[in-house]
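S.K.: Here is my input, please return the structure:
(one chain, ligands or ions: 1)
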Amino acid sequence: MNIIFLGAPGAGKGTQAEIVSEKLAIPTVSTGNIIRAALKNGTEMGLKAKSFIDAGQLVPDDVVIGIIQERLSQDDCANGFILDGFPRTIPQAEALDEMGIRIDKVIDIDVADEAIVGRLSGRRVCKACGNSYHLEYKKPAVDGVCDACGGELIQRADDAPETVLNRLHVYHEQTEPLKSYYASKGKLVTVKGQEHVEDTTALTLRALEDEA
Ligand code: AMP
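M.R.: Below you'll find the model as predicted:
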């Protein structure tokens, strides 16, 4: 099954993607995580992306389309995959179609703007493996330490309030049109993001079962 998770930054799509990924035993492909790893490793692509990420802007389409093309051609994606954070523009969605990639379901995690800023300010991510936590809604077992790998939990620089507003603006302008794009193809399912992760997960899994 090839699934896309759509939603505003901080809507919880990454967390849902990871849970479904484990359940269906298919990888999650997160362009944000791939770009952050490239940044950390100081690669040319990472350096190119830095100014866009810092400003809360999207990295140019050709760069992310190249990343996705390369990643989806790897063996572990052969039986299905979950896309988290891609596509984020209509040209990116069209590029997937042009690559001949069939998408089965697009799950839109819907969270009101007013809730997003609070969610992002409480978000903490693992410096080592990128796993995501929340100070209130998804606490690690030990404060400041990643459950998965023991890495240090930090706040992402682009989760700062002034950058968040910009990211939300970019989301409404460039990413939200993807809802109609996939709705017109009969692929879109909307899941209302709940306060607690497990409640959203129950709705996500039901949506995938109903629509399978
Ligand atoms: P994320 O972790 O998905 O919120 O991504 C963090 C940042 O990486 C975004 O704010 C963008 O600057 C960049 N990025 C990730 N995915 C994409 C994409 N599909 N298109 C353009 N930029 C992206």
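S.K.: just so I have it, where are all the strands in the chain?
M.R.: Secondary structure of the chain (DSSP state E): strands at 2-7, 28-30, 81-84, 105-110, 123-126, 132-134, 153-154, 188-192.
S.K.: what sits up against the third one?
M.R.: With CB atoms under 8 Å, 6 or more residues apart in numbering as the test, strand 81-84 has contacts from 2-5, 13-14, 17, 20-21, 24, 26-33, 68, 72. From N, CA and C alone the C-beta is placed, and that goes for glycine too.
S.K.: Can you read off the pLDDT for the residue in the chain positioned nearest to the ligand?
M.R.: Nearest to the ligand, among the residues of the chain, is residue 32, at 2.2 Å (CB to the nearest ligand atom). Residue 32 carries a pLDDT value of 93.
S.K.: Skip the chain neighbours and tell me the closest residue to residue 152.
M.R.: Distance criterion CB to CB, 6 or more residues apart in numbering; nearest residue to residue 152, sequence neighbours excluded, is residue 127 at 4.7 Å.
S.K.: As PDB, could you dump the C-alpha coordinates of the lengthiest helix in the chain?
M.R.: The longest helix of the chain (DSSP state H) is helix 197-211. The C-alpha trace of helix 197-211 is given here as PDB (Å, rounded to 0.1, in the frame of the first residue of the first chain):
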ATOM      1  CA  VAL A 197      -2.100  10.700  19.800                       C
ATOM      2  CA  GLU A 198      -3.800   7.400  20.400                       C
ATOM      3  CA  ASP A 199      -7.200   8.800  19.600                       C
ATOM      4  CA  THR A 200      -5.900  10.200  16.300                       C
ATOM      5  CA  THR A 201      -4.300   6.800  15.600                       C
ATOM      6  CA  ALA A 202      -7.500   5.000  16.100                       C
ATOM      7  CA  LEU A 203      -9.200   7.200  13.500                       C
ATOM      8  CA  THR A 204      -6.300   6.900  11.100                       C
ATOM      9  CA  LEU A 205      -6.300   3.100  11.300                       C
ATOM     10  CA  ARG A 206     -10.100   3.000  10.900                       C
ATOM     11  CA  ALA A 207      -9.800   5.300   7.800                       C
ATOM     12  CA  LEU A 208      -7.200   2.900   6.300                       C
ATOM     13  CA  GLU A 209      -9.300  -0.200   7.000                       C
ATOM     14  CA  ASP A 210     -12.600   1.400   5.700                       C
ATOM     15  CA  GLU A 211     -10.900   2.600   2.600                       C
END
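S.K.: could you check the angle strand 188-192 makes with that helix?
M.R.: Relative orientation of helix 197-211 versus strand 188-192 (axes from the mean of the first three to the mean of the last three CA atoms, to 10 degrees): 150 degrees.
S.K.: Tell me the buried residues in helix 197-211?
M.R.: 197, 200-201, 203-204, 207-208 (16 or more other CB atoms under 10 Å).
S.K.: can I get these in CSV with distance to residue 105?
M.R.: Listed next are those as CSV, based on distance: CB to CB, whole Å:
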residue, distance to residue 105
197, 20
200, 16
201, 15
203, 14
204, 10
207, 8
208, 7
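S.K.: filter those by proximity to the ligand?
M.R.: When contact is defined as CB under 6 Å from any ligand atom, the buried residues of helix 197-211 do not meet the ligand at all.
S.K.: was I right about residue 55 contacting residue 163?
M.R.: Yes. The pair residue 55 and residue 163 qualifies as a contact (CB atoms under 8 Å) at a distance of 7.3 Å.
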